[in-house]
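>>> Here you go, sequence then predicted model.
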Amino acid sequence: MTSYEELIQEYEDILNAMRERLRRASQFRPPGCYSGQAYWTPAADIYETAQSYHLFLELAGVDPAAMTLTVDGNTLTVSGERIRLRAEDCSHIHQLEVSHGGFQRTFQFPAPLDAEGVQSSYNLGIFEIIAPKLQK
């Protein structure tokens, strides 16, 4: 027989899975469709080596000085804001595809990170982060 705690945990797991699927689905919209949201999620690629994790985030148009990078245990968070670009004396908008506004990405890793050893660079709109694993 299933215990009450197991049922609650199963329910929470289902809710978390649904939230994650909804978060992922909300990232996609047809080209040219403006959602009215001033919040977006930059794409990220993550690779692992024996010593560290390498993250690459697409952040074209984001001022690196306005980004925040924090590490807490095995969790790394990147946040910032992209300002909407506008033409001077614009009388009509024909298409809006470039996302703007605030963003935050949080990544959890299986191993604790060495917060003091984290390095980052920004080149051609790509924010690269090298997060060393904490040596035991």
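Arrived safely.

>>> give the contact list for the most centrally placed residue in the chain.
With distances taken as CA atoms, centre = their mean, the residue of the chain nearest its centroid is Arg105 (2.4 Å). Residues near Arg105 by CB atoms under 8 Å, 6 or more residues apart in numbering: 41-42, 44, 57, 77-79. Backbone N, C-alpha and C define where each C-beta goes, glycine included.

>>> After the lowest-mean-pLDDT helix or strand in the chain, which helix or strand is next? Please name it.
One helix or strand of the chain scores below all others by mean pLDDT, DSSP states H and E: helix 4-25, with a mean of 81. Using DSSP states H and E, the helix or strand that follows helix 4-25 in sequence is strand 44-48.

>>> next structured bit after that following strand?
Strand 44-48 is succeeded, C-terminally, by strand 52-58 (DSSP H and E).

>>> and the chain, what are its domains?
According to automatic domain parsing, the chain comprises the domains 1-30, 34-132.

>>> ranking the ones you listed by burial, who's on top?
domain 34-132 (a mean of 13; mean count of other CB atoms under 10 Å).

>>> Give the rounded mean pLDDT of that domain.
Domain 34-132 shows an average pLDDT of 90 in the prediction.

>>> All further residue positions should be reported with the first residue as 263.
Taking 263 as the first residue, the last one we looked at is domain 296-394.

>>> centre of the chain versus it, how much separation?
Its chain's C-alpha centre and that of domain 296-394 lie 6 Å apart, by CA atoms, centre = their mean, to the nearest Å.
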